[in-house]
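>>> starting from these lines, generate the structure:
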Amino acid sequence: MAANHMAKQYVAGAKKLTLLHCFWTHSAWVIYAIKCKICNLLFIRISETKCNIRFNNHQSHIRNSINNFKLSLHFLHNRPTHDFKKDVTIRLIEQIQKEHLELNAKRDLLCKIGRAHV
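The predicted model follows:
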């Protein structure tokens, strides 16, 4: 299992705090970004399932020509020159607590982090 470590800085009054976030590719309820290395398009999504399963689903959708997400559509339309396995970078952005996040809050959160294609 690979861990994703990120340091975030928060300013509280005159103090600057650095918090280290650590979560695994087997974590659920994660905001993640997939970037196409060829086109530099950025796809930001929330996975309610474990990340490793979600990424396998993305690969399966592309392999089986299921275009239910803009990410799949992008790779299907560019199939001759794009390969999902080698032409993307994936970054886990944040793990969220599902009990604190309703559907509208998810949409607001995606807008705040500057979504590209959702």
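
>>> which helix is the longest one in this structure?
Ranked by residue count, the top helix of the chain under DSSP state H comes out as helix 51-63.

>>> please work out which residues outside the following helix or strand past that helix touch it.
Moving toward the C-terminus from helix 51-63, the next helix or strand (DSSP states H and E) is helix 70-77. Counting contacts by C-beta atoms under 8 Å, 6 or more residues apart in numbering, the residues outside helix 70-77 that touch it are 34, 36, 39, 41, 43, 45, 58, 61-62, 65-67, 82, 84, 117-118. C-beta here means a position set from N, CA and C on the backbone, and glycine is covered the same way.

>>> now helix 70-77: buried residues?
Within helix 70-77, the residues scored as buried using 16 or more other C-beta atoms under 10 Å are 71, 72, 74, 75, 76.

>>> okay if I get those residues as JSON lines plus distance to residue 90?
Below are those laid out as JSON lines (distance: C-beta to C-beta, whole Å):
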{"residue": "71", "distance to residue 90": "11"}
{"residue": "72", "distance to residue 90": "15"}
{"residue": "74", "distance to residue 90": "15"}
{"residue": "75", "distance to residue 90": "13"}
{"residue": "76", "distance to residue 90": "18"}
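
>>> buried residues, the longest helix of the chain. List them.
By 16+ other C-beta under 10 Å, the buried positions in helix 51-63 come out as 51, 54, 55, 58, 61, 62.

>>> that one packs against which elements?
For helix 51-63, the helices and strands in contact under the criterion 3 or more C-beta pairs under 8 Å, 6 or more residues apart in numbering; DSSP states H and E are strand 30-36, helix 70-77.

>>> going by mean pLDDT, which of these comes out lowest?
Ranked by mean pLDDT, the helices and strands packed on helix 51-63 bottom out at strand 30-36, with a mean of 90.

>>> tilt between the following helix or strand past that strand and helix 51-63?
Of the helices and strands lying after strand 30-36 in sequence (DSSP H and E), the nearest is strand 42-47. In this structure, strand 42-47 runs at an angle of 120 degrees to helix 51-63, with axes from the mean of the first three to the mean of the last three C-alpha atoms, to 10 degrees as the basis.

>>> for strand 42-47, buried residues please.
Buried positions in strand 42-47, judged by neighbour count with 16+ other C-beta under 10 Å: 43, 44, 45, 46, 47.
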